[in-house]
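# sequence below, structure please.
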Amino acid sequence: MENRQSQGPQELLRMMERLRQSGLNDDARERELLRFAGENMNEAQQEKMRSVLRDRRSLQELLQSEQAQALLRSLGKQGSQG
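Prediction:
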């Protein structure tokens with residue numbers, strides 16, 4: 001069995017922000033997130049992510065959370081400095 005290193009929620013949010021800015025449609029973004037999950041998350045984390053992706057309301061709530069918003073602001077600042 002392959003031993004995948006677990007990525008934290010910050011890395012997932014960074015990936016989501018990159019995909020949001022990419023201009024891809026929703027289906028393509030979801031495929032990329034699932035690919036990322038398969039490469040970087042353990043099975044329990046993948047299932048949790050899939051359940052959130054299936055529930056758009058949960059996804060919106062996650063993205064509106066204080067932690068997600070702070071990270072997205074931070075990523076925006078980093079992107080403008082690069």
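# spatially central residue for the chain, please.
Nearest to the mean C-alpha position of the chain, by Cα atoms, centre = their mean, lies residue 12 at 3.3 Å.
# could you report the neighbour count for residue 36?
By other Cβ atoms under 10 Å, the residues close to residue 36 number 19. Every C-beta, even on glycine, is put in place using the N, C-alpha and C of the backbone.
# oops, could you answer that again for residue 33 instead?
Neighbour count of residue 33, defined by other Cβ under 10 Å: 18.
# is it in contact with residue 17, as I believe?
No. Residue 33 lies out of contact with residue 17 (Cβ atoms under 8 Å); the separation is 11.6 Å.
# flag the shaky bits of the protein, pLDDT-wise.
Scanning the chain for pLDDT under 70 picks out 1-9, 77-82.
# circling back to that earlier point, list the buried ones in the host helix or strand of the residue nearest to the centre of the chain?
Element membership of residue 12 [criterion: DSSP states H and E] is helix 9-22. Neighbour counts over helix 9-22 (16 or more other Cβ atoms under 10 Å) mark 12-17, 19 as buried.
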